[in-house]
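Undergrad: below are the sequence and a predicted model; questions follow.
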Amino acid sequence: MYEWIVIKGTNKVKLIEHNQSHLIFEVYNQQVILTPQGIKVAKCSCLASDHCKHIMASVLWLHENPFIDEAKVTPKL
């Protein structure tokens, strides 16, 4: 819980790319990829062997910032 407060408090979760197939976040210099398939297939560039704090921070960011409106999301061509 404490680490999330630090991440949130210093704006260390950044959405850097989004389209209909994925969202890419930068969290403390790690890259997180979330897809519509959910957290079970999420990927992070850190060395953790399973789900990590970077993925959880990205999911929490999405929960607090529900910015995605399907009508406004355009796929990359």
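TA: That came through fine. Residues are numbered from 1 along each chain as shown.
Undergrad: list the buried residues for stretch 19-26?
TA: Of all the residues in stretch 19-26, those buried under the rule 16 or more other CB atoms under 10 Å are 23-26. In short, each C-beta sits where N, CA and C put it, glycine included.
Undergrad: elements contacting the helix or strand where Trp61 lies?
TA: Element membership for Trp61 (DSSP states H and E) is helix 53-64. Of the remaining helices and strands, those touching helix 53-64 by 3 or more CB pairs under 8 Å, 6 or more residues apart in numbering; DSSP states H and E are helix 2-9, strand 13-18, strand 23-27, strand 30-34.
Undergrad: just the CA atoms of the third one, as PDB, please.
TA: In other words, strand 23-27. Taking C-alpha atoms only, strand 23-27 is exported to PDB below (Å, rounded to 0.1, in the frame of the first residue of the first chain):
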ATOM      1  CA  LEU A  23      -2.600   0.400 -23.200                       C
ATOM      2  CA  ILE A  24       1.100   1.100 -22.500                       C
ATOM      3  CA  PHE A  25       2.100   2.700 -19.200                       C
ATOM      4  CA  GLU A  26       5.400   3.900 -17.900                       C
ATOM      5  CA  VAL A  27       5.700   3.300 -14.100                       C
END
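Undergrad: quick check: mean pLDDT of the helix holding Trp61?
TA: Computed over helix 53-64, the mean pLDDT rounds to 90.
Undergrad: list the buried ones in that helix?
TA: In helix 53-64, counting by 16+ other CB under 10 Å, buried: 53-59, 61-62.
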